[in-house]
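Participant: only geometry, no sequence info:
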């Protein structure tokens, strides 16, 4: 059966206490709405996102990352509530799956389970040990009979541990019939999507409960929820990469972006952060190092190294307290305490402690090009734009502010002077 998906993302999310729309808060480097879109895209080519609060901002961010999605701008003041969000929404396929944009932990397999079968409505339900505060889903003969809010439950119904998880797969024709019939004649003056279940039961339609895991259908309504959801998502990411052969020391201390990828035998030590679209191939990332949107291949980084965006390291060793930004290093050694920005450095080159590229003059960034087999002494400043050719030695303490030709020694130091007995004069004379 063909499936359409509607993702509800119109809410303001006041409990997030943020000017950022709730659904754009990130989980593992990606907006939580995007996680829902990714899962939906695996089962459908007809996806509609319902927007209202900061609609233009959310749509703009979605369109920067996805193509072919539909948008429905809802008037949430006129049609409040989950049922109101569906007013006027049109889908093209036989069955429509309704998701919430604040459920970033949903997976393809669960969505397929929800859309399976030939019931008029499949409704997600969760078994909770303590269902206090939730409406109960009353099930008889493997069919949903009604949803009863806790305050309306009788003593028997209060013992029910099955609650509504909030996701529905509905025959589209039935949805098109029921949504216009929804009423907001209730204490909250809202249109409830749950009312379509009552309509279906009253008409003798089949409403099938699909039991799902609470973890996967966890909604995010606060910064605390966001942190808990990211913990779960991080466990999933690291589990999959460890199964694929990535070694991790103390994995609970490691952060891996959902967009990061690995190849070959990689090692991540404790405290490592792999961010953005970083791609790591057969490399060892040591304790408390940070890799951002970079390519690391057959290299060692850290401990406490930082590789900033748009960097490419191949056959390179980066030691402790070395920062690399927007640079390509091939066969390079930079053991300690260096800043390498906007540079291209070739094989066999050694970077001494305290070397920095002076790549920014306050207005513009400039490039440094360093050739093969260059030995750069400690405490060297390279003032870009500059080219250092192959087989060059840069003496410690040198400021390089012009090109250096192949085979040369570059040195710039003031002559050292020694004043005899100055110590005694300085500290003893009045």
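Facilitator: That came through, no problem. Source: prediction; values computed, not measured. Residues are numbered from 1 along each chain as shown.
Participant: Look through the chain and tell me its longest helix.
Facilitator: helix 223-243 (DSSP state H).
Participant: quick one: buried residues of that one?
Facilitator: Across helix 223-243, burial judged by 16 or more other Cβ atoms under 10 Å covers 225-226, 229-230, 232-234, 237-238, 241. Glycine gets a C-beta too; all of them are placed from N, C-alpha and C.
Participant: I'd like the residues you listed as a markdown table, with pLDDT appended.
Facilitator: As requested, the buried residues of helix 223-243 are arranged in a markdown table below (pLDDT from 0 to 100):
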| residue | pLDDT |
| --- | --- |
| 225 | 95 |
| 226 | 97 |
| 229 | 96 |
| 230 | 97 |
| 232 | 97 |
| 233 | 97 |
| 234 | 98 |
| 237 | 98 |
| 238 | 98 |
| 241 | 98 |
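Participant: Now residue 380: closest residue in space, sequence neighbours ignored.
Facilitator: Distances taken as Cβ to Cβ, 6 or more residues apart in numbering place residue 355 nearest to residue 380, at 4.6 Å, with adjacent residues excluded.
Participant: same deal with residue 160?
Facilitator: Using Cβ to Cβ, 6+ apart, the nearest residue to residue 160 is residue 136, at 4.2 Å.
Participant: my read: the one you found touches residue 147, true?
Facilitator: Yes: with contact defined as Cβ atoms under 8 Å, residue 136 counts as touching residue 147 (7.3 Å).
Participant: any chance you could map the helices in the protein?
Facilitator: Under DSSP H, the chain gives helices at 32-41, 55-65, 81-85, 108-115, 155-158, 172-178, 195-202, 223-243, 422-428.
Participant: out of those helices, which comes closest to residue 373?
Facilitator: helix 223-243 (36.6 Å; Cβ to Cβ).
Participant: Output the contacting helices and strands for the closest one.
Facilitator: Helix 223-243 sits against strand 26-27, helix 32-41, strand 247-248, strand 255-256, with contacts defined as 3 or more Cβ pairs under 8 Å, 6 or more residues apart in numbering; DSSP states H and E.
Participant: List the contacts of it.
Facilitator: Contact with helix 223-243 is made by 16-18, 25, 27-28, 32, 35, 104-105, 215, 218-220, 248, 251, 254-256, 258, 262, as judged by Cβ atoms under 8 Å, 6 or more residues apart in numbering.
Participant: Go again with 7 Å.
Facilitator: Helix 223-243 has contacts (Cβ atoms under 7 Å, 6 or more residues apart in numbering) with 16, 25, 27-28, 104-105, 215, 218, 220, 248, 251, 254-256, 258, 262.
Participant: quick revisit: adding distance to residue 327, write the helices of the chain out as TSV.
Facilitator: Listed next are the helices of the chain as TSV, based on distance: least, Cβ to Cβ, whole Å:
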stretch	distance to residue 327
helix 32-41	30
helix 55-65	27
helix 81-85	48
helix 108-115	38
helix 155-158	64
helix 172-178	53
helix 195-202	57
helix 223-243	26
helix 422-428	43
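Participant: so which of those helices gets nearest residue 302?
Facilitator: Nearest of these to residue 302, taken as Cβ to Cβ: helix 223-243 at 18.4 Å.
Participant: just to revisit the earlier point, backbone dihedrals for the residue nearest to residue 380, please?
Facilitator: Dihedral pair for residue 355: phi -70, psi 140, per degrees, to the nearest 10.
Participant: neighbours around the residue lying closest to residue 222 once chain neighbours are set aside, how many?
Facilitator: Nearest residue to residue 222, sequence neighbours excluded (Cβ to Cβ, 6+ apart): residue 15, at 4.8 Å. Neighbour count of residue 15, defined by other Cβ atoms under 10 Å: 13.
Participant: my guess is residue 15 meets residue 102, correct?
Facilitator: No: the criterion here is Cβ atoms under 7 Å, and residue 15 misses it with residue 102 at 10.5 Å.
Participant: What's opposite residue 72 in the beta bridge?
Facilitator: residue 50 (DSSP bridges).
Participant: Just list the residues touching it, thanks.
Facilitator: 48, 50, 88-89.
Participant: Output these in CSV, with neighbour count and distance to residue 152 appended to each entry.
Facilitator: Shown next, in CSV, are those (neighbours: other Cβ atoms under 10 Å; distance: Cβ to Cβ, whole Å):
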residue, neighbour count, distance to residue 152
48, 23, 33
50, 26, 28
88, 14, 30
89, 19, 29
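Participant: Of the residues you listed, just say which sits nearest to residue 427.
Facilitator: Among the contacts of residue 72, residue 50 lies closest to residue 427 (Cβ to Cβ), at 77.8 Å.
Participant: so who does that closest one touch?
Facilitator: Contact partners of residue 50, counting by Cβ under 7 Å, 6+ apart, are 6-10, 72, 74, 85, 89.
Participant: Go through those residues and give me the one with the most neighbours.
Facilitator: Compared across the contacts of residue 50, residue 9 has the highest neighbour count, 30 neighbours, by other Cβ under 10 Å.
Participant: The nearest residue to that residue once chain neighbours are set aside: how many residues sit nearby?
Facilitator: Nearest non-adjacent residue to residue 9, counting by Cβ to Cβ, 6+ apart: residue 101, 3.3 Å away. Neighbours of residue 101 under the rule other Cβ under 10 Å: 28.
Participant: Is it correct that residue 101 is in contact with residue 8?
Facilitator: Yes: at 5.9 Å, residue 101 counts as touching residue 8 under the criterion of Cβ under 7 Å.
Participant: Lowest-confidence one in the contacts of helix 223-243?
Facilitator: The member of those with the lowest pLDDT is residue 218, at 84.
Participant: Quick check: that one touching residue 104?
Facilitator: No: checked against Cβ under 7 Å, the pair residue 218 and residue 104 is beyond contact range at 8.5 Å.
Participant: Could you tell me the end-to-end distance of stretch 383-400?
Facilitator: Stretch 383-400 has an end-to-end distance of 6 Å (Cα to Cα, to the nearest Å).
Participant: Over to stretch 282-296?
Facilitator: Length of stretch 282-296, first residue to last, Cα to Cα: 8 Å.
Participant: can you give me how far it is from the chain middle?
Facilitator: 17 Å (Cα atoms, centre = their mean, to the nearest Å).
Participant: tell me the mean pLDDT for it?
Facilitator: Taken as a whole, stretch 282-296 carries a mean pLDDT of 98.
Participant: Residues touching that stretch, excluding its own?
Facilitator: Here stretch 282-296 makes contact (Cβ under 7 Å, 6+ apart) with 263-281, 297-313.
Participant: now stretch 334-343
Facilitator: Under Cβ under 7 Å, 6+ apart, the answer for stretch 334-343 is 318-327, 351, 353-357, 359, 365-368, 370, 384.
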